[in-house]
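Visitor: make a model of this:
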Amino acid sequence: MKFPSKSIASGHMAMLMFSLLVSGSFVLGSIIANLISPDLVTFLRFLIAFIAIAILILYQSKFCFLKYLSIGRSLILGALISIYFITMFEGLKTASSTSMAVVFTLTPLLAGFFDLIFSNRVMSKKVWITVVVAAIGALWIIFDGNIQNFINFKVGYGEKLFFIGCICHALYAALIPKFNNGEPAIIQTFGTLISGIIILGLFSNKEIIYHSWIDFPVIVLLTILYLAIFATAASFFLIQYSAVRLSSIKVMAYTYAVPIWVVLLQIIFLQQLPNTITFVGAFVILVSLLILLFNDEG
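Guide: Numbers count the residues shown, from 1 in each chain. As a prediction, the model looks like this:
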């Protein structure tokens, strides 16, 4: 078996950590979804993450790399990831964290198509077949293992809305390497975050200004801190670090691990056991992830 280079291996490790951090956002997000608006929680997580990243850049003396950032490209990335997070929290109001995490696993297939459009990377038939099989496993869970539900497209509002966000997330991943002008991942993350803050500030300014800031329950505050530090700042850095080392479809393939983590977290912390249909679909997704993990392509 051919072992990957250190650069590629580090990209895989970064995405494995990414999948764990993101899974926590689905579980915690389902708890606070009806306690705070999607726009406000996204604005706050971006703002806190921006402060954390700015301090880190200052500590590493990397502000000189800001000259490489393109305002237009940063705004596009910021808009795409903002839509993703807003649709995620809006969707969690009516959908379970497990079903939302499963919808998220459709992003590798979407990322593969965007890769064909925006880059010269060509993936093997083996990788494409694996991604499609994983997508079938995801659809099995989304449509509750019922072919009639698939034919009638019987799927919840939250899942439909979040799918739009996943399209934006896949496009975001595909555009990261294309939009990179040689700046470090942390600088590109900085540009994306500040763009997201500006966009959300413009479109949700009334909600931000007039919200009662002292009425947040403790669980909301703790969740926002987790989302900002771990599921935003850290995950942004991890995905942008990996996107210049791995193909978009391989980066997004790690979303297959998210529903597995979500199921485990729900069992451990919420004592919620998934049904048989979820177990079957999750097994298919897990096998697909392992095939891609041990595939010798980047």
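
Visitor: chain center to the lengthiest helix in the chain, what's the gap?
Guide: For the chain, the helix with the greatest residue count under DSSP state H is helix 6-32. Relative to the centre of its chain, helix 6-32 is centred 8 Å away, using CA atoms, centre = their mean, to the nearest Å.

Visitor: how about stretch 126-141?
Guide: That offset, for stretch 126-141, works out to 18 Å (CA atoms, centre = their mean).

Visitor: quick one: contacts of that stretch?
Guide: Around stretch 126-141, the neighbours that count as contacts under CB atoms under 8 Å, 6 or more residues apart in numbering are 98-99, 102-103, 105-106, 108-109, 112, 150, 249-250, 253, 256, 259, 277-278, 280-285, 287-289, 291-292, 295, 297. Backbone N, C-alpha and C define where each C-beta goes, glycine included.

Visitor: my read: residue 45 touches residue 228, true?
Guide: Yes. Using CB atoms under 8 Å, residue 45 is in contact with residue 228, at 4.2 Å.

Visitor: contact partners of stretch 167-177?
Guide: 73, 76-77, 80-81, 83-84, 87, 104, 107-108, 110-111, 114-115, 117-119, 188, 239-240, 243-244, 248, 251-252.

Visitor: what does stretch 277-292 give?
Guide: Against stretch 277-292 from outside (CB under 8 Å, 6+ apart): 98, 102, 105, 126-127, 130-131, 133-134, 136-138, 140-141, 144-145, 250, 253-254, 256-257, 259-260, 263, 274.

Visitor: cool, stretch 103-119 as well?
Guide: Everything outside stretch 103-119 that qualifies as a contact, by CB under 8 Å, 6+ apart, is 22, 26, 91, 121, 123, 128, 131-132, 134-135, 137-139, 142, 159, 162-163, 166-167, 169-171, 173-175, 177-178, 247-249, 251-253, 255-256, 258-259, 285.

Visitor: in helices, which of these fall?
Guide: 22, 26, 91, 128, 131-132, 134-135, 137-139, 142, 159, 162-163, 166-167, 169-171, 173-175, 177-178, 248-249, 251-253, 258-259, 285.

Visitor: now list the buried members of those.
Guide: 22, 26, 91, 131, 134-135, 137-139, 142, 159, 162-163, 166-167, 169-171, 173-175, 177, 248-249, 251-253, 258-259, 285 (16 or more other CB atoms under 10 Å).

Visitor: residue 45 and residue 228 - which one has more neighbours?
Guide: residue 45 (25 against 22; other CB atoms under 10 Å).

Visitor: now do the SS call for the more buried one.
Guide: Secondary structure state of residue 45, per DSSP: H, G, I helix; E, B strand; the rest coil, is helix.
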